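> below: sequence and its predicted model.
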Amino acid sequence: MEIINRRLTIHEFRNYVRDYFFGTHPANKLVIHHTWRPTKSQWQGQTSINGLRAYYEGKTWPAGPHIFVAEDGIWLFSPMNKDGIHAGTLNARSIGIEIVGDYDNEIWSGQTKENALGVIQVLMEKLNLNASNIAFHRDVSPKTCPGSAITKEWLFNELSNFRIKPRIPNPITDGIPVPADDEVLIPIWATDAVSFVLKNRLFEIKSKDDVRDAVKFYRFYQIIRDV
Ligand SMILES: [Zn+2]
């Protein structure tokens, strides 16, 4: 079984989807599931993905669901430009999204919730979908999937209040040199500039050149605002 087998953050997923070719007949609905088992605490990342793949291969399925949303990230499974196997009559032109955990008695929480709402929102935007294009597995199955505690009313209310949190730059992985604490006192205006750019999501800060740009932009903004 061909699987993508990549784990992404929600920001990486958003970039991935932005450039992704969904085929000449792209998916026109999302189908939401829960894994039930493994539960959130049983999830072991790559080991669990390998186990799921072996499980579907054991059924001789050529594909499975498209995405597993977990506490440790968004796992790409079957390619989103091909039909998966996850929801019987809803398999055609749908994207199957498995939320890792058992949601018969509790709702999504923690990073799983952030990732789940983020994935659904990003795909709805990209594929031009509205609430009527969101299906639950139980719409076509006697199962409770995606869990009795999850209702569409709750989900749509959560989605309407949800925005992906701006990415916080990591000075180490982003290559921004960090001076020792006693070496440099970062001026307030520079901190203000960076937080202003991040808060208003004007651009992503990835390098020290971007930090300079943020400061320049902020000064310019202050000048024109005061004129
Ligand atoms: Zn399901």
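Sure thing, it's come through.
> write out the residues of this protein neighbouring the ion.
Residues of the chain lying near the ion by C-beta under 5 Å from the ion: 33, 137, 145. (Each C-beta comes from the backbone N, C-alpha and C, glycine too.)
> tell me the one of those nearest residue 197?
residue 33 (38.0 Å; C-beta to C-beta).
> isn't that closest one up against residue 86?
Yes. Counting by C-beta atoms under 8 Å, residue 86 is a contact partner of residue 33 at 6.3 Å.
> what do these two both touch?
Taking C-beta atoms under 8 Å, 6 or more residues apart in numbering as the contact rule, residue 33 and residue 86 both touch 65, 96, 98, 137.
> just the helices from this structure, written as ranges.
Taking DSSP state H as the criterion, the chain carries its helices at 10-18, 46-58, 110-126, 152-160, 188-199, 208-226.
> what is the fifth one packed up against?
Looking back up the chat, that one is helix 188-199. Helices and strands touching helix 188-199, by 3 or more C-beta pairs under 8 Å, 6 or more residues apart in numbering; DSSP states H and E, are helix 208-226.
> quick one: the helix it packs on to helix 188-199, angle?
100 degrees (axes from the mean of the first three to the mean of the last three C-alpha atoms, to 10 degrees).
> helix 208-226 - what's its average pLDDT?
What helix 208-226 shows for mean pLDDT is 82.
> which helices and strands sit right next to that helix?
Judged by 3+ C-beta pairs under 8 Å, 6+ apart, the packing partners of helix 208-226 are helix 188-199.
> from the helices of the chain, which stretch is densest packed?
The highest mean neighbour count among these, using mean count of other C-beta atoms under 10 Å, belongs to helix 110-126: a mean of 20.
> avg pLDDT for that one?
97.
> contacting residues around that helix?
Under C-beta under 8 Å, 6+ apart, the answer for helix 110-126 is 10, 13-14, 17-18, 20, 22, 30, 32, 40, 67, 69-74, 95, 97, 99-101, 107-108, 129-130, 133-134, 155, 158-159, 162, 164-165.
> now with 6 Å?
For helix 110-126, the surrounding residues in contact (C-beta atoms under 6 Å, 6 or more residues apart in numbering) are 10, 14, 17, 30, 69, 71, 74, 99, 108, 158, 162, 164.
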